[in-house]
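Visitor: take a look and give me a structure for this.
(chains A and B)
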Amino acid sequence: MNRLYDMEPRVMDDEMLKLAVGEQGPREEAGQLAKQEGILFKDVLSLQLDFQNILRIDNLWQFESLQKLQLDNNIIEKIEGLENLTHLVWLDLSFNNIEAIEGLDTLVNLEDLSLFNNRISKIDSLDALVKLQVLSLGNNHIGNLMNVIYLRRFKALRTLSLSGNPVAEDEDYKMFICAYLPDLVYLDFRRLDDHMKELAEMKHQYSIDELKHRENLVQARLEDEQARREELEEHKAAFVEQLNGTFLFDSMYTEDVEGSKLSHLPGVGELLEFTYKDKFVIICLNIFEYGLKQQEKRKAELDNFMECVQEAIQENQEQGKLKIAKFEEKHLLSLNAIREESELSNIEAKIVQYSEDITELFNVLMTLEMQLMEQLEETINMFERNIIDLVGLFVENVQSLMAQCRDLENHHHEKLLEIAINILEKIVKGEMDEDLPDDVRSLFVDKDTIVNAVGASHDIHLLKIDNREDELVTRVNSWCTHLLDKIHKDEIMRNRKRVKEINQYVDHVQSELDSLECGDLLD
Amino acid sequence: MVQAVLKATSSLDSQRHARMEVLKEKVEEEEAAEREEAAERAERGEKTKRPMEVRRGETTMTQEMLRDLERKLSEIEVSVPEKILTFTKDTIDTSKLPLSYQSNTLKEEHLLQVADNFSRQYSHLCPDRVPLFLHPLNECEVPKFVSTTIRPTLMPYPELYNWDTCAQFISDFLSMVPLPDPLKPPLYLYSSTTVLKYQKGNCFDFSTLLCSMLIGAGYDAYCVNGYGSRDLCYMDLTREVCPLTMKPKETVKEEEKAPPKKYAIKPPRDLTSRFEQEQEMKRQEAIKAEEENRRKQEEARLLEQENAKTDPLHGLRVHSWVLVLSGKREVPESFFIDPFTARSYSTQDDHFLGIESLWNHKNYWVNMQDCWNCCKELVFDLGDPVRWEYLLLGTDKPFLSLTEEEDEGMNDDDDVENLGKEDEDKSFDMPPSWVEQIEISPEAFETRCPNGKKVIQYKRAKLEKWAPYLNNNGLVCRLTTYKDLELHSYKSMQPEMDRVMEFYETARVDGLIKREETPKTMTEYYHGRPDFLSYRHVNFGPRMKKLALNSAESNPRPMVKITERFFRNPAKPANEDVAERVFLIAEERIQLRYHCRSDHITANKREFLRRMEVDSKGNKIIMTPDMCISFEVEPMEHTKKLLYQYEAMMKLKNEEKLSRHQAWESELEVLEILKLREEEEEAHTLTISIYDTKRNEKSKEYREAMERVLHEEHLRQVEAQLDYLAPFLAQLPPGEKLTRWQAVRLKEECLNDFKQRLIDKANLIQARFEKETQELQKQQQWYQENQVTLTPEDEDLYLSYCSQAMFRIRILEQRLSRHKELAPLKYLALEEKLYKDPRLVELLKVFV
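Guide: I've put the predicted structure just below:
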C-alpha cells in the first residue's frame, strides 16, 4: 500500500508502547492513581496503535492479558510477534501490507479478525482460531472461490467480508459462499436472507453433497482412529497392549532369519502353525485378559482410596471452616469491644484476651491439620501396601504365564531340533526326497551348523519373550512407584498449603489486632 | 286395674326392699367413709384458701402489683360467661303446645305413681342418698317421667347417623345454660322440641336430646344423672388442648448408614483420660439432674398456674351426660359422651365423679355401686340388680351377665316372676313419649350454631365457627393459637410489622421466594437470579423527622445496613466470587467476603472504607492503601494495585446505590401488596353452588323463569286445545269422513251457534244494565221521597250506593259497547279459523 504521507517507518519500542498505554489508560481520578502507580504492560487489556507507521510488530510479549489489539493503518508486512497474546479476542490488522496469513497459531481465543485492505491472496493458516466469529478479508487479492471452502471448519463463523477481492467479481460469488457456508449470517456486511440460502443450496446441491460425503468419511476415519487409539491406550494402561493376538508370536519371527528358513522344512510348518502358534496365542490371550482384569482391580482400589481421602479432607475442611466462622463472629465483637473501650487497662486486658483467642484458634486449626495428616498417612500407607501387593501378584502371575510361553518355545525348539537332525541324517544318507530351497539346504552342511541355526532361532525367540516380560514388569513397577510418589507428594503439598494458609490467616488477624493497638496508642 | 298393678308393684317392692336392705348396710358404711372424706376435703380446701388470704394481707400494694391484679382480674372475667343465660318458663310460650304437653294420660299418671312409690321406698332404704331425679316438671308445669321425655328419633340427615357427628351437632346447635343450682338436678326438664326451638338448655336438656337421637340411630344410649368436674359442668375447655392443634407424630426415618469404606480414615486417637471423662460425666449428670429438677419445679408451677385453685365443690356438682354401651352399632367398648363438648371419654375418665341414676326411653336404673373412685370401678351391667336397681321390671333388660354365679338365684326369681305376671307385665311398659316428633329444619341444620356463630376457648387456642354464608368473606372456621397463656400479640395489615410473604419464584422476574419483615428489618430470599443474589437483609434506622411540610410524599426510613449474600457463580474462580457483601451505609464502610475455594478453609475478605480526606496540600486524596483492607488466601499481584481497588470501590458504590434502590422498591411493593390484599379482602363474592337453589340467586331466577314459562306453555296448550267444532262433530256418526255438504253444514252451524252466543252475551249485558238503571232509579225515587227524614248515616249510605251503582252502570255500558264493537270481528275471526281448520279446509276450498 502506498501511503500518501511520507514518514519514516517507526519501530515499536518501549517508549511508544508506554505512551500509548498512558494515553489510553484510565481517566480522571483513576488516571491520577494510574499515573501515580504506573501501569504494568501485563495488566493492559486493550491497546490501540493505529497510524503509527509501524513496519514490524515487536515488543508486545509483555502484554499477556491483552484482549483487544488495534494495529490498523500501519505498514506492517508480516504478522509476527503475537505468540504471547493468547488472550486476544479482537485483532485489527486492516490497512497494512500483509501478504500472507501466518503467525496466528497461538491465538485460540480470537473471535474477531480484521485483515481488510492488505495483499493477501490465499485464506490459510487460520486452523487454530476455533472461536472465530467475524473475519474481514475485504480489499485483498483472493482469486480462487474454492478457497472459501477452507472456512467450512469454523463452526462459529457468522460474518465474513470478501468484497473488493477478485473473487467478488464472480457472478456466482454470493451463491457459492451461501451454499458452502450455510451458517453464515452476514456477507459483506449484508444479511443473507433465507430465500437466498435456499436457492444457493439447490444450485450447489450436488457438489455440496459430495463434499459433505467426503467430510463425513474423513470424520468417520478420524473417529475410528481415535477409538482405536483410546483402546490401545487402555491396553497400555493395563500393560498388556498387543497381547490379544499373534503380535508377539509374529514379532518373534520377524527378525529370525534362521527360523523362517527352518519353517520351510517338512513337518515344521504344521508344527508351527497348528500346535505351537495356537498354544502360544492362547497363553498371550490369557495374559491379556488377566491384565485387563487386574487393571480394573487396581483402578477400583485407587478410586476407592481417592474417594476416601477426599471425604476425609472435605470433612476436615468443614470443621476448619466452622471453627473459623465461629472465631470470626467473636472476632468482630471483640474488635468492636476493644475499639469502644476507653479504659486503658481494660483495653490491654481485652487485647491479651483476644491474642489468646487467636493463639487458640491457631492451635485448634493446626491440631486439626496434624490429625488429618496422621490419618491420611496411615491410610496412604495402607493403600501403598495393598497396591504393591496387587502389582506383585500381577507380575508373578504374568511371569508364570510367560514361563509357560518359554516352555512352549523350549518344547518347540526340541521338536524342531529333532526334525532338523532327522532331515540332516536323511540328507547325509541321501534319502531326502523333497527338494529344499537352497538357502535352507545350506544350513544342512553339518550338525553344528544346523544346531547353531536352530539354537540361534531359539535364542531370538526367548529374547523376545524375555523382553516383553521385562517391559511389562518394569512398566507396571514404575507406574506403581510413580503413583505412590505422586500421592505422597500431593499429600505433602496439601499439608504445606494448609499450614501456610492457617499461618497466613492467623498473621492477618494478628496484624489487624496490632494495627488496632497502634491506632489506640496513637490516640 | 290400677289397683291390681299397684298391688303387683308392691309385691315387687317387697322383694326389692329385702335386696335394698342387704345393700343398705354396705352403702351406709361406704357413705360414712365418704362423708369423712368430704369433710377432710372441705378442710383441705379451707387450708389451701387461707394462705392466699394471708399473703394478700401481707403485701403492700405497689403500682406494679395493682396492674398485675388488674390483669388477673380481667382474666378471671374472661373465664366466666359474659352474661348468665336465663332459660326459664317465662320465656316459653306454652299456649301453643300440644295436649300431651299440658296434661298426663292415664298411663302416665300410673307411671308417676309407680315412680313415687319407688322413690319412697328408695328414700326409706337409702336415707343418705339424694332424692332421685324421676319426674321433673315440663314447660307446662306438668310432672313427666324422665324416660318419657326421651323421644327416640332417627334424623333424616346422614351426618347425624354416627354418634360423633351427632354429638358435635348438638353441641354446636344448642348454647349451654348452667344449672340453676349446680348441686341439684333441675326442677324442670323441657321437651326436646322446646329446647331445639330456643336453642339453649342445661346439661339435662343436652343429654336428653342427644340420647333421643342416638337411640333413634340405633345406639344403646342412656342419659346419666351424676356428678362431674367443674370444667365439665361449665363447659370450660380452657384447660384442654384443642384437638385441631394436635399434630400427628412424625415418624423419623433413620438413614441407613453406608458401610464403612476400605480406606475410610480412622478416627483420631482418643488421648483424653478415662478418669477425667468419668468425672466430667458425673459432673454433667449432676448439672442435668439439677436442671431437670428446676424444670420440673417450673412445670409444676406452671401446672398449678394453669389448674388454678382446686374446686371446693369438687364431686358435688351435678352433671348429666350420655352413656353409650357396647354391643349395638358395632360399639366395641362402653364410653361417655359429654353433650356440651361432644367429646367422648372413657368410662374411667377423671372428669366423671359419680353416677346417681341413668335411664333410657324404656326404663330407669339407680346406681347401687359405690363411687369413691369416681366412675373407675363401676360395672355397667344393667342386668345385675345388685349393682343397678331398676324401676320397671317388665321391660327387657339390656343384658344379663350369666357368668356371675351369685346372680343365678336372682335370675331364677326374675324368671318366675316374669312367668307369673306375664299379662300384667305389659301394663308396666313405659308409656310412649309425650314429646312431639323432634324436627330440625334444613335451614336450622345448616345454620347449626345459635345465630350461626360459636366460640370455644381451648388451652392456648380459640376456635370460632360460623354457619356457611354467614360471613360475607366465606369464613366458616377460625382457629387462633396462642403461644402462652397470657400474652397475645396481634399481627396486622399495617406496614413495617412482623410479616412473612412467600412468592412463587418462577412467576417473578426477580426470583423472590420469601420476604420476612420485622419492625426494624426486611429480609428477602431469592433463587435463580442471573446475578446469583440469594439473600438481602436490610436494617432500618429510626425515621427522620421531617423538617418541613414540603410534601405529602412518603418518608422512607433510612437504611443502616444492607447485607447481601450470593450463590457461587461457577463462571468465576471462587476467590473472586463474592459470597457476602455488607454495606454499612452510615459508616460508609463496605465489607466483602468471597467464596471459599474447595481446597481452602479460609476465604478472601476485603473491606473498603470511604474517607473523604484532604492531604497537607489541600488536594483530595483519592485512594490510599488504608482505605482498603484485604485478606487474600493466595495473594495476587494485581489486587494490590490502588487502581484496582479504586475501580472496585467505585463499582461497589454504584451497586450500593442499586441495592438501596431495590430495597426501597421492595418496601413500595409491600405497601402495594398490602393495599391490594385489603382491596381483595373487601371485594369478594362467594360462588354459590348452582345446586344450592336457595342461595344461588341466578339459579333461583332461572328456575322461577323456567317454571313460569312452563306454566304459560301449559295455559297456551289448554287454549289451543279448545275445539270449536267438537260439539258439532260429536253429532255426526264417528269414524266417517266428512262430505262436503256435511262440512258446509258444520261450518254454518258453528257460525250460527257462535252468533247466537254473541247475541246472548249482548242481551245479558243489556239486561244487567237495565236492571242496574232501574234499581238506581228506584233508589233515587226513594231518596227524593224520604229526603227530609233521612239521618246523615242513611244519606251517606245512599250516596255511596249511588256512586257505586253509577260506576257499575258505566262499566256495563262500556262492556256493551266494546262487545258490540268486537262481536263482528270475533265472528269473522271464527269464520277465518274455520276455513283454515285442517278437518274442513279440503272440503271448503272447493266450495270457495
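
Visitor: could you use CA atoms for every contact and neighbour count after this?
Guide: Will do.

Visitor: residues in contact with A:Arg152?
Guide: Residues in contact with A:Arg152 (C-alpha atoms under 8 Å, 6 or more residues apart in numbering or on different chains) are A:Tyr180, A:Leu181.

Visitor: state the pLDDT value of it.
Guide: On the pLDDT scale, A:Arg152 is placed at 89.

Visitor: ok, it to chain B distance?
Guide: Noted for A:Arg152: a distance of 30 Å to chain B, by C-alpha to the nearest C-alpha, to the nearest Å.

Visitor: okay, and for chain A, where does confidence drop off?
Guide: Low-confidence segments of chain A (pLDDT under 70): A:1-7, A:432-434, A:517-523.

Visitor: distance check, the residue lying farthest from the centre of it against A:Asn97.
Guide: Distance from the C-alpha centroid of chain A peaks at A:Lys429, with 67.6 Å (C-alpha atoms, centre = their mean). Applying C-alpha to C-alpha, to the nearest Å, the value for A:Lys429 to A:Asn97 is 89 Å.

Visitor: how about B:Gly226: what's its closest non-neighbour residue?
Guide: Excluding its sequence neighbours, the residue lying closest to B:Gly226 (C-alpha to C-alpha, 6 or more residues apart in numbering or on different chains) is B:Ile355, at 4.0 Å.

Visitor: what about that neighbour, how many residues close to it?
Guide: By other C-alpha atoms under 10 Å in any protein chain shown, 24 other residues sit near B:Ile355.

Visitor: what lines up beside whichever strand or helix holds it in the sheet?
Guide: According to DSSP states H and E, B:Ile355 maps onto strand B:352-359. Paired strands of strand B:352-359, with direction, are strand B:220-228 (antiparallel), strand B:364-367 (antiparallel) (DSSP bridges).

Visitor: just those: most buried one?
Guide: strand B:220-228 (a mean of 26; mean count of other C-alpha atoms under 10 Å in any protein chain shown).

Visitor: whatever helix or strand comes next after that strand: which residues count as buried?
Guide: Downstream of strand B:220-228, the next assigned helix or strand under DSSP H and E is helix B:230-233. Within helix B:230-233, the residues that count as buried by 16 or more other C-alpha atoms under 10 Å in any protein chain shown are B:Arg230, B:Leu232, B:Cys233.

Visitor: turn these into a markdown table, including pLDDT and distance to B:Gly216.
Guide: Shown next, in a markdown table, are the buried residues of helix B:230-233 (pLDDT from 0 to 100; distance: C-alpha to C-alpha, whole Å):
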| residue | pLDDT | distance to B:Gly216 |
| --- | --- | --- |
| B:Arg230 | 83 | 30 |
| B:Leu232 | 82 | 26 |
| B:Cys233 | 83 | 26 |
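
Visitor: can you lay out these as CSV showing distance to chain A?
Guide: As requested, the buried residues of helix B:230-233 are exported to CSV (distance: C-alpha to the nearest C-alpha, whole Å):
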residue, distance to chain A
B:Arg230, 55
B:Leu232, 54
B:Cys233, 57
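
Visitor: closest to A:Met306 out of the residues you listed?
Guide: Distance to A:Met306 across these (C-alpha to C-alpha) is lowest for B:Leu232, with 69.4 Å.

Visitor: measure how buried the closest residue to chain A within the stretch 701-848 of chain B is and give me the count.
Guide: In the stretch 701-848 of chain B, the residue that lies nearest chain A is B:Tyr702 (59.9 Å; C-alpha to the nearest C-alpha). By other C-alpha under 10 Å, 13 other residues sit near B:Tyr702.

Visitor: how near is it to B:Tyr469?
Guide: 21 Å.

Visitor: now swap in B:Glu770 and tell me
Guide: From B:Glu770 to B:Tyr469 the distance is 64 Å (C-alpha to C-alpha).

Visitor: stretch A:333-340 close to chain B?
Guide: No. Contact of stretch A:333-340 with chain B (C-alpha under 8 Å from any C-alpha of the partner chain) is absent, the minimum separation being 13.5 Å.

Visitor: buried ones in that stretch?
Guide: Those would be A:Ser334, A:Leu335, A:Ile338, for stretch A:333-340 by 16+ other C-alpha under 10 Å.

Visitor: show me the contacts for the second one.
Guide: With contacts taken as C-alpha under 8 Å, 6+ apart, A:Leu335 has the following neighbours: A:Leu513.

Visitor: dihedrals phi and psi, it?
Guide: phi -60, psi -50 (degrees, to the nearest 10).

Visitor: one step back: between the buried residues of stretch A:333-340, which sits nearest B:Gly383?
Guide: A:Ser334 (82.1 Å).
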